[in-house]
Every structure is written in C-alpha cells, then in structure tokens.
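Participant: kindly generate the corresponding structure for this input.
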Amino acid sequence: MTSDTTLSRVRLGPLLAQADVRGVVFDLDGTLIDSAADILASIRETFRQAGYGEVPDSYFPDNLHGTSDGIMCSVIQDMGWQEPQDMAALKQLYYSVYVAQDHRHTQLYPGVMDVLEGCADTLSMAICTNKIHRNALAATEKVGIQRYFKVISGADSWAEAKPSPIPLLETIRCMGLTPDQCLYFGDTSVDAACAAHAGVRFVLHRSGYGDTALANMPNHHAFDRWDELFSA
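Facilitator: The predicted structure follows:
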C-alpha cells in the first residue's frame with residue numbers, strides 16, 4: 001500500500017521528490033508573486049513626492065532584485081538624478097507609499113498555490129526575500145499563502161541582506177535544517193549568488209524578473225512555469 005507521503009512526492013515530480021530534500025526556501029518577488037506593478041508604482045510616487053521628477057511608465061529597471069534602497073539607487077542612476085548622501089528619508093517615504101499601495105496589483109504566478117499545497121505535507125517551507133519583513137508578511141497575507149511557511153525572513157531580519165548568504169543560512173537554521181537538505185527558488189543573480197555562497201542548490205524561475213548578470217550563473221534546475229514541477 002502506497003503512503004500519502006509517497007503519493008504526494010510522486011505528484012510533485014522528481015525535483016521536489018529527491019530523497020535528500022527536506023526543505024524548500026523561496027524568494028518572493030518575481031518568484032512566488034508578480035509584484036512589479038506595485039513596486040514600480042510606489043517607486044514612481046516616491047520620487048514624485050520627493051521632488052525628483054517623473055519616472056516614465058515605460059521604464060523597467062534592470063535591478064528589481066535588490067533591497068528597496070538599492071533599487072531606488074539604480075533608478076536614480078538611470079534617470080540621471082543626483083543621488084542623496086543618505087538614503088534613509090527616501091527609503092522611509094517609499095515604505096509608506098508602498099504600504100498605501102496595499103499590494104492591489106500583486107498576484108501569485110500561475111501554479112504556485114498548487115505547488116505549495118503539494119509540498120505542505122512533506123516538506124518544510126520558508127521565504128527569504130529582500131523585501132522588508134513587515135511588507136513580506138503583508139504581501140503573503142494578501143495573496144493567501146502565509147500559512148504555508150515556517151519562517152518568513154526579510155532584508156531587515158538579519159545583519160545583511162542578499163546576496164550575502166546570511167539571510168538564507170539563518171532562515172534554514174530557523175527551519176531546523178541544514179543547507180544540504182534544502183533547495184532555494186529564486187529568479188535573479190542576487191538569489192543565485194546567495195544560494196551559491198550558502199551552499200544551497202539553486203532553482204531558477206526563468207519567468208521572473210531576471211537580470212543580465214544571471215546569464216552566466218549556474219543552477220541546479222530551471223523552469224518557466226510552476227506546473228512543470230509536477231509529474232506528468
């Protein structure tokens with residue numbers, strides 16, 4: 001008689017059914033959720049309120065994978081504006097604008113919920129994102145997935161943010177697991193570098209936000225659609 005656990009692992013397919021995989025850690029933006037519209041709307045409004053000027057509606061930054069101040073620094077450079085010596089005030093303004101946006105356009109990528117449901121009984125799951133912790137909690141609650149994760153860590157949860165390995169290593173430690181027992185799902189070079197430095201197998205979501213630096217970085221597995229992670 002086949003156990004429920006075996007059935008679940010077969011259904012999930014070979015990547016997530018590997019015998020040595022006990023935990024899965026996910027990046028958030030561009031991996032589980034498509035949040036670009038809300039992030040960019042908040043960035044445009046932040047620079048408008050701060051008196052910098054207008055960010056064109058057609059603009060999409062190459063850096064949509066760093067911390068919020070890192071993303072804004074990239075936008076400032078792309079727009080040819082003067083970067084402030086201290087980003088603290090601009091960062092706080094962005095946080096308040098982003099909260100007011102209320103994740104109204106943020107949504108799960110198709111198939112994410114099915115994968116989380118499929119993993120729920122067999123694998124421990126966590127999130128390690130460069131979103132600040134409170135915004136990660138709000139976003140996961142908004143799209144209805146918060147209950148699946150044992151740990152949710154953000155850019156401000158640890159001493160350093162990704163691509164440092166510290167956030168991923170600490171997240172895995174809080175799961176009660178070790179790096180060799182986990183997979184890390186992400187969509188950018190920051191995620192790939194973080195996983196490599198932490199000694200965690202990296203799984204690339206190719207339909208996320210990506211970036212040019214990702215092209216030459218290795219991965220354990222890559223996929224375009226979440227339903228590819230299920231057995232045929």
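Participant: pLDDT score for H197?
Facilitator: If you check H197, the pLDDT there is 98.
Participant: any idea how far the nearest residue to it once chain neighbours are set aside lies from V190?
Facilitator: Distance criterion C-beta to C-beta, 6 or more residues apart in numbering; nearest residue to H197, sequence neighbours excluded, is P165 at 3.8 Å. The C-beta positions use only the backbone N, C-alpha and C, and glycine is treated the same way. Distance, P165 to V190, by C-beta to C-beta, to the nearest Å: 11 Å.
Participant: and the two? Which one has more around it.
Facilitator: V190 (23 against 19; other C-beta atoms under 10 Å).
Participant: could you chop the chain up by domain?
Facilitator: Domain assignment for the chain by automatic domain parsing gives 4-34+106-229, 36-101.
Participant: mind checking the end-to-end distance for the shortest one?
Facilitator: According to C-alpha to C-alpha, to the nearest Å, domain 36-101 extends 12 Å from its N-terminal end residue to its C-terminal end residue.
Participant: check which helix or strand the closest residue to E45 other than its chain neighbours maps to.
Facilitator: When the adjacent residues along the chain are set aside, E45 lies closest to V97, with 4.9 Å between them (C-beta to C-beta, 6+ apart). If you go by DSSP states H and E, V97 is part of helix 88-101.
Participant: still on that earlier bit, least confident of the domains of the chain, on average?
Facilitator: domain 36-101 (a mean of 88).
Participant: list the buried residues for stretch 104-114?
Facilitator: 106, 108-109, 112-113 (16 or more other C-beta atoms under 10 Å).
Participant: CA atoms only for it, dumped as CSV, please.
Facilitator: What follows is stretch 104-114 as a C-alpha-only set of coordinates in CSV (Å, rounded to 0.1, in the frame of the first residue of the first chain):
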residue,chain,number,x,y,z
ARG,A,104,-3.5,45.9,-5.1
HIS,A,105,-1.9,44.5,-8.3
THR,A,106,0.2,41.8,-6.8
GLN,A,107,-0.7,38.3,-7.6
LEU,A,108,0.6,34.7,-7.5
TYR,A,109,2.3,33.3,-10.5
PRO,A,110,0.0,30.6,-12.0
GLY,A,111,0.6,27.2,-10.4
VAL,A,112,2.3,28.5,-7.2
MET,A,113,-0.6,27.6,-5.0
ASP,A,114,-0.7,24.0,-6.4
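Participant: hmm, who's touching that stretch?
Facilitator: Around stretch 104-114, the neighbours that count as contacts under C-beta atoms under 8 Å, 6 or more residues apart in numbering are 31-35, 37-38, 41, 139, 142-145, 205, 207, 225-227, 229-230.
Participant: quick one: distance of it to the chain centre.
Facilitator: Its chain's C-alpha centre and that of stretch 104-114 lie 13 Å apart, by C-alpha atoms, centre = their mean, to the nearest Å.
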